[in-house]
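[1] Output the structure for:
(2 chains)
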Amino acid sequence: AQSVTQPDIHITVSEGASLELRCNYSYGATPYLFWYVQSPGQGLQLLLKYFSGDTLVQGIKGFEAEFKRSQSSFNLRKPSVHWSDAAEYFCAVGARGSARQLTFGSGTQLTVLP
Amino acid sequence: DAGVTQSPTHLIKTRGQQVTLRCSPKSGHDTVSWYQQALGQGPQFIFQYYEEEERQRGNFPDRFSGHQFPNYSSELNVNALLLGDSALYLCASSTDPGRSYEQYFGPGTRLTVT
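    Alright, predicted model coming up:
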């Protein structure tokens, strides 16, 4: 069974600073990987996804993530954070083949200081 | 193009009661998944419906059941409510099969059990 670990429960950065949110997964083969963002009282919005090919993927709102097979990681990055990026971020893994469920990490809450 | 819609937005029930939550998928989507998100946690997969059949199920008791209608909309039913069922219930829609595991989430239904 797959699993996802987001080691950082809460991260605080200043506006304009760079950001990296960590995600480690456990899965026997190459998984499908996703990053979602959730604002208070809202559903989940997909930021980016990795299925295959280029291991550096670009997403919406200036986010990118890099798939590193050797480290079982899929960290999310943004070069310059905006106040509107304050939200909760979830990494998720989907198994290839017949399984279609997403397994989510417990999330990282991002606070942006002015 | 309407995205995924869910109703109601909020719901308060008493222990032992039954509840029905509703979801309309994004236009063009035929697969609906349900997730439970407890406070401070990531979403957990309940089950997925495709062609009006439950295709996959997560680790949830039989008190949780669902249905998918010919127009692809779906219902989640929870019987004999427990305090621990209080959570945000998210519906996600996608297309099938295999083109992608990208799931689009609705805003959720906040269920409070007292």
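
[2] Taking chain B, what residue is nearest to chain A?
    As assessed by Cβ to the nearest Cβ, chain A sits closest to B:G42 within chain B, at 3.4 Å. The way it works is simple: take the backbone N, C-alpha and C, and place the C-beta from them, glycine included.

[3] Run a quick neighbour tally on that residue.
    For B:G42, the neighbour count with other Cβ atoms under 10 Å in any protein chain shown is 22.

[4] try B:Q103
    For B:Q103, using other Cβ under 10 Å, the count is 29.

[5] which residues does it contact?
    A:46, A:102, B:33, B:92-94 (Cβ atoms under 8 Å, 6 or more residues apart in numbering or on different chains).

[6] Greatest separation within these: which pair is it?
    A:L46 and B:S33 (13.7 Å; Cβ to Cβ).

[7] So for these two, which sits in the more crowded spot?
    Neighbour count, other Cβ under 10 Å: between A:L46 and B:S33, B:S33 has more, with 28 against 16.

[8] So the more buried one: helix, strand or coil?
    When classified by DSSP: H, G, I helix; E, B strand; the rest coil, B:S33 comes out as strand.

[9] Could you give the bridge partners of it?
    B:Q48, B:A92 (DSSP bridges).

[10] So for residue 47, what pLDDT did the model give?
    Using chain A here. On pLDDT, A:L47 comes in at 96.

[11] wrong chain, I was asking about chain B
    At B:F47, the pLDDT value in this model is 94.

[12] for the one 3 residues further on, same thing?
    For B:Y50, the model assigns a pLDDT of 89.

[13] which non-adjacent residue is nearest residue 35?
    The chain I'm using is chain A. A:L47 (4.4 Å; Cβ to Cβ, 6 or more residues apart in numbering or on different chains).

[14] The chain in question should be chain B.
    Once flanking residues are discounted, B:Y35 sits nearest to B:P43: 3.8 Å by Cβ to Cβ, 6+ apart.

[15] check contacts around residue 12.
    Reading this off chain A. With contact set as Cβ under 8 Å, 6+ apart, A:T12 has these partners: A:110-113.

[16] wait, I meant chain B there
    Taking Cβ under 8 Å, 6+ apart, one finds B:111-114 in contact with B:I12.
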